[in-house]
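In: Please work out how this folds:
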Amino acid sequence: AGFAFVYWLNNAGTLRERTHYRILFESPVSGLLSGSAVLFNGIRVGEVTDLRLVADDPRLVHATIAVNRDTPIRADTKAGIDFQGLTGVAVVTLNGGDPQSPLLAVSSESPPLLLADPMAGQNMTQAARTVLQRLDTILSENSGAMKNTIGNLSTFSDALARNSQRVDG
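Out: Modelled structure (predicted):
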């Protein structure tokens, strides 16, 4: 029980110093919950501590994350959402940044703000729908040209079939 308590306490962040950051998402954050993992370049460095809608614009979501103090979050670090495992558990992802970029300044008054990629909350189903819509648009805009191309292929294949004896020779 003592080991379990220390493990829980360590993962809850009270034994490790944590820094808080805010992330502004401009898209839905389906599946993201308080307590979800925060990964920096694939390594777990913290967790989501709070999720809220922005009162002035309910399309926006503020997430507050707590990460290990030694995590090198820079001014150009990119935030996003990824889905892990077979169940598709949502996690916040933080990706690198240029080593020459300054570390994001931390203040005691308000956590620094990171802007998420606008496509951050888009899940695989939404991405597939978007691709299929684009494909449908391309096909509908080029249906005449595609019909002509298929007709030309049919004509060529018919001519090839009529002359198969000569081709064999």
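
In: From the chain's centroid, how far away is the lengthiest helix in the chain?
Out: Counting residues, the longest helix found in the chain (DSSP state H) is helix 143-162. Taking Cα atoms, centre = their mean, to the nearest Å, one finds the center of helix 143-162 at 42 Å from the center of the full chain.

In: Output the helix or strand just after that helix in PDB, but only the C-alpha positions, please.
Out: Once the chain leaves helix 143-162, the next helix or strand it forms, by DSSP states H and E, is helix 164-168. Backbone C-alpha positions of helix 164-168 (Å, rounded to 0.1, in the frame of the first residue of the first chain) are rendered in PDB as follows:
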ATOM      1  CA  SER A 164      -3.900  -9.400 -81.000                       C
ATOM      2  CA  GLN A 165      -2.700 -11.900 -83.700                       C
ATOM      3  CA  ARG A 166      -0.400  -9.200 -85.100                       C
ATOM      4  CA  VAL A 167       0.900  -8.300 -81.600                       C
ATOM      5  CA  ASP A 168       1.700 -12.000 -80.900                       C
END
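
In: Summarise which helices and strands helix 164-168 is packed against.
Out: Helices and strands touching helix 164-168, as assessed by 3 or more Cβ pairs under 8 Å, 6 or more residues apart in numbering; DSSP states H and E, are absent. C-beta: built from backbone N, CA, C; applies to glycine.

In: so how far is Glu109 from Val89?
Out: Between Val89 and Glu109 the computed distance is 33 Å (Cβ to Cβ, to the nearest Å).

In: After the lowest-mean-pLDDT helix or strand in the chain, which helix or strand is next?
Out: Sorting the helices and strands of the chain by mean pLDDT, DSSP states H and E puts helix 2-12 at the bottom, at a mean of 69. Next in sequence after helix 2-12, counting helices and strands by DSSP H and E, comes strand 18-25.

In: Pull out the buried positions in that following strand.
Out: Using 16 or more other Cβ atoms under 10 Å as the test for burial, strand 18-25 gives Arg18, Thr19, Tyr21, Arg22, Ile23, Phe25.
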